[in-house]
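Undergrad: okay, sequence plus prediction incoming.
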Amino acid sequence: FCGACIDVCAVGALTETQYKWERAARTEQTICTECPVGCTMTYEVNRWEKAIRAIPELNSPVNLGQACFQGKFGFDSVNDKRRLTQPMVRREGTLVEATWDEAVRAAADGLSEHLGEGFGVVVSPRDTNEEMYVAQKFARSVMRSNNVDVASNNHPDIAAALLEVFGYAASTMSFSDLRGASVSMVVSANMTEEQNVAAVAIKQAVRAGTQKLIVIDAREVELTRYASLWLRPFPGTVNVLLGGLPRAVIESDLANDDYAKARCEGWDDMFASLSPFTPEAVAAETGVTVEDIERAAYLYATGGPAAALFGLEGATPGTLMSATKAIANLALVTGNVGVPNAGVMPLYQGANEQGAYDMGAVPNALPGHEPVGDPDTMNRFRDLWDAPVPTTPGLSAGDMFAGARDGRIKAMMLLGDHAHYEDGTFGDVTESLEKLEFLVVSDAFASDITS
């Protein structure tokens, strides 16, 4: 066990013991924000307005009464005495408590001096759709800036590739489809750690004998123990292997030609793009044998409705778009998109990262995945919001922090904390924030970014 696991277990044990004899005065139902699965949870609240128990909702179509350890026991932060209960304003270099009117006025006065491309807002993947919509609308229609992004969006190429292939940057299947799939292929994703309840559905189906599992991962993750086939490419070569699979399907006459002719465009261009990915070349590059490549292609193409789930964790920078397109093409050439119990499911890290894409809380798209810069789109939103909308795509979260360091970004709003502010994903975030002329933070706890 790692130290983090021990800490989580200790917190869970403490939470269970602390509220063991508490009775609920009322219940509230909501969606868990620990990961992107979206489990429905019912929280019991005592008469002192403390959450005392989290109960997985049995009737939820997503989790069916399941919950991971963090979802069931990680709710005690809402009762933490360190939570901020008053807004704070910096006066003479020190943060002091203020009224809401004073805080709103201070934020409005400070931001009003930084209209335009020198302003940026970064939302949290734990924010709701409504919060994300308001944040991006404020950035665009009030602050006149498309510099808006979600803090977990460090792999935007995945969404961009899905949008290019399918016209929609989202999963093409539901979790109920996943449970009914005959084959699942999990690519470079540690699901039992990051999307645990979804992984439970796969494990249950494999144990019941109704589903075969293909795992493509250089690491030995837990799901490899359930796999019918584990392909272990050399680190950094997963995109090569993924390019070889659709070619193996086509060369083995396993492609669903009728489906492709009826629903797909660009077949010849796609096939031509696969010319370098011969089984022998792929095997030499990845270390996966030709036999295993062909076995995986055969199982995915002929095993029945197939689901492809992918996180592309550890993928070489610059290869995410090509790898995602390869997965989408594999699903299309085998007829596994738009049919029951099959599809493509990106495994985002942020709890509501998909909501950020849908609500337009990203720098290159407006709500509904409408592209920034399209004249008809811009006119429609200008009329809807009764305000001009900037037409140039904005900066990503990482670019905004880099812009703060080099002086392009003068003011920012951060709506919630995130691990990427501390793990180096965005560089030295503390240095970036120190160089800003004005910063607004919305969070429940004091942290390094509020200090």
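TA: Noted; the coordinates are in hand. Residues are numbered from 1 along each chain as shown.
Undergrad: all helices for the stretch 251-400 of the chain, in order.
TA: 257-263, 267-273, 279-286, 290-302, 320-333, 353-359, 375-385, 397-406 (DSSP state H, counting those that start in this stretch).
Undergrad: lowest average confidence across those, which one?
TA: Looking at the helices of the stretch 251-400 of the chain, the lowest mean pLDDT belongs to helix 267-273 (a mean of 88).
Undergrad: export only the CA atoms of that helix, formatted as PDB.
TA: Provided in PDB are the C-alpha atoms of helix 267-273 (Å, rounded to 0.1, in the frame of the first residue of the first chain):
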ATOM      1  CA  TRP A 267     -12.600   5.200 -46.200                       C
ATOM      2  CA  ASP A 268      -9.900   5.300 -48.900                       C
ATOM      3  CA  ASP A 269      -8.000   8.100 -47.100                       C
ATOM      4  CA  MET A 270      -8.200   6.300 -43.800                       C
ATOM      5  CA  PHE A 271      -6.900   3.000 -45.300                       C
ATOM      6  CA  ALA A 272      -4.100   4.900 -47.100                       C
ATOM      7  CA  SER A 273      -3.100   6.400 -43.700                       C
END
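Undergrad: who's in contact with that helix?
TA: 246, 250, 260, 261, 329 (C-beta atoms under 8 Å, 6 or more residues apart in numbering). All C-beta spots, glycine's among them, are computed from the backbone N, C-alpha and C.
Undergrad: run the chain-centre distance for that helix.
TA: 30 Å (C-alpha atoms, centre = their mean, to the nearest Å).
Undergrad: what about the residue lying closest to residue 294 once chain neighbours are set aside, distance to residue 113?
TA: The spatially closest residue to residue 294, leaving aside those adjacent along the chain, is residue 248, at 5.6 Å (C-beta to C-beta, 6 or more residues apart in numbering). Relative to residue 113, residue 248 is positioned 59 Å away (C-beta to C-beta, to the nearest Å).
Undergrad: looking at these two, which one has more neighbours?
TA: residue 248 (24 against 12; other C-beta atoms under 10 Å).
Undergrad: so who does the more buried one touch?
TA: By C-beta under 8 Å, 6+ apart, the neighbours of residue 248 are 279, 293, 294, 296, 297.
Undergrad: and the third one, how far is that from residue 214?
TA: With distances taken as C-beta to C-beta, residue 294 is found 13 Å from residue 214.
Undergrad: which residue of those two possesses the greater neighbour count?
TA: Taking other C-beta under 10 Å, residue 294 and residue 214 do not tie; residue 214 has more neighbours (25 against 18).
Undergrad: of the helices of the stretch 251-400 of the chain, which is nearest residue 346?
TA: helix 320-333 (7.5 Å; C-beta to C-beta).
Undergrad: chain center to that closest one: distance?
TA: The answer for helix 320-333 is 18 Å, by C-alpha atoms, centre = their mean.
Undergrad: give me the angle between that helix and helix 290-302.
TA: Orientation check (axes from the mean of the first three to the mean of the last three C-alpha atoms, to 10 degrees): helix 320-333 against helix 290-302 gives 60 degrees.
Undergrad: show me what helix 320-333 is packed against.
TA: Judged by 3 or more C-beta pairs under 8 Å, 6 or more residues apart in numbering; DSSP states H and E, the packing partners of helix 320-333 are helix 156-166, helix 238-251, helix 257-263, strand 306-310, strand 343-346.
Undergrad: cutoff 10 Å now
TA: Contacts defined by 3 or more C-beta pairs under 10 Å, 6 or more residues apart in numbering; DSSP states H and E place helix 320-333 against helix 156-166, strand 183-187, helix 238-251, helix 257-263, helix 267-273, helix 290-302, strand 306-310, strand 343-346.
Undergrad: dump stretch 378-394 to PDB, keeping only the CA atoms.
TA: Extracted in PDB, the C-alpha atoms of stretch 378-394 (Å, rounded to 0.1, in the frame of the first residue of the first chain):
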ATOM      1  CA  MET A 378     -20.600  34.000 -33.300                       C
ATOM      2  CA  ASN A 379     -23.600  36.000 -34.500                       C
ATOM      3  CA  ARG A 380     -26.000  33.600 -32.900                       C
ATOM      4  CA  PHE A 381     -24.400  33.900 -29.500                       C
ATOM      5  CA  ARG A 382     -24.000  37.700 -29.800                       C
ATOM      6  CA  ASP A 383     -27.800  37.900 -30.300                       C
ATOM      7  CA  LEU A 384     -28.500  35.400 -27.500                       C
ATOM      8  CA  TRP A 385     -26.200  37.100 -24.900                       C
ATOM      9  CA  ASP A 386     -26.800  40.700 -26.300                       C
ATOM     10  CA  ALA A 387     -23.100  41.300 -26.200                       C
ATOM     11  CA  PRO A 388     -20.200  41.000 -28.700                       C
ATOM     12  CA  VAL A 389     -18.300  37.700 -28.400                       C
ATOM     13  CA  PRO A 390     -14.500  37.600 -29.200                       C
ATOM     14  CA  THR A 391     -13.800  35.600 -32.400                       C
ATOM     15  CA  THR A 392     -10.200  34.400 -31.700                       C
ATOM     16  CA  PRO A 393      -9.800  31.100 -29.800                       C
ATOM     17  CA  GLY A 394      -8.400  31.600 -26.400                       C
END
